[in-house]
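# Kindly generate the corresponding structure for this input.
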Amino acid sequence: MKARDVMITDPVTVKPDTPVDEVARLLVERRISGLPVVSDEGVLIGIVTETDLFLKEKGVPFSMVKLPSLFNEWVKPERLQQLYANARKYTAADIMTQSVITATPDTEVCQIAEWMMHHRIKRVPVVEGGRLVGIVTRHDLIRRLACKP
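Here you go, the predicted structure:
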């Protein structure tokens, strides 16, 4: 089975200049956990995920963020107010992951599943000629497993 057999062909995307609060709104409204970031020509340039919104702090490596201490800050009303105000200053380009693992429409699904497990990712954009043509999520793989072929 190939990526083309399971991928979503019209994924929700954002542009690099999309404000972070709009990214968050899309994630919540669409009930998804990540969005490809594409140029006006549809070229994949990055991906922004809930993790990028929730754990990344400007200039702090992901491995150095301590979840409990961040949570302690989040529950303080004045800190929440500051975080929301600061979010409006940033765009998808500011927080996106630029080094994205991608597949082609002909990539085997088992290879995509292996990448997801090995790299602890939930989605793999599908590109053809640099342009985004779809996305495969863990949910897509599980849905396919639950359905009889």
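
# Show me what the residue nearest in space to the middle of the chain is bridged to.
Residue closest to the mean C-alpha point of the chain, counted by Cα atoms, centre = their mean, is Gly34 at 2.7 Å. Beta bridges link Gly34 to Thr49, judged by DSSP bridges.

# close enough to count as contact, it and Val48?
Yes - the pair Gly34 and Val48 passes the contact test of Cβ atoms under 8 Å, sitting 6.7 Å apart. For every residue, glycine as well, the C-beta is placed using N, CA and C.

# and Ser39, how many neighbours?
13 (other Cβ atoms under 10 Å).

# Do I have it right that it meets Pro16?
Yes - using Cβ under 8 Å, Ser39 makes contact with Pro16 at a distance of 7.3 Å.

# Spit out the residues that contact the two alike.
Common neighbours of Ser39 and Pro16, using Cβ atoms under 8 Å, 6 or more residues apart in numbering, are Ile45.

# Let me see the ranges of the helices in the chain.
Applying DSSP state H to the chain gives helices spanning 3-6, 20-30, 50-54, 67-74, 77-87, 92-95, 109-119, 138-146.

# lowest-confidence stretch among those?
Mean pLDDT per stretch puts helix 67-74 lowest among these, at a mean of 52.

# What residues does the residue nearest to the centre of the chain make contact with?
By Cβ under 8 Å, 6+ apart, the neighbours of Gly34 are 27, 47-50, 122-123.

# Write the ChimeraX selection for whichever of those residues are buried.
What follows is the ChimeraX syntax selecting those of these that are buried according to 16 or more other Cβ atoms under 10 Å:
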select :27,47,48,49,50,123
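
# of all the contacts of Gly34, which comes closest to Val20?
The nearest member of the contacts of Gly34 to Val20, counting by Cβ to Cβ, is Val48 at 8.3 Å.

# And for the closest one, nearest residue in space, chain neighbours not counted?
Using Cβ to Cβ, 6 or more residues apart in numbering and skipping residues adjacent in sequence, the residue nearest Val48 is Met96, 4.4 Å away.

# how close does that neighbour get to Thr18?
To Thr18, Met96 is 10 Å away according to Cβ to Cβ, to the nearest Å.
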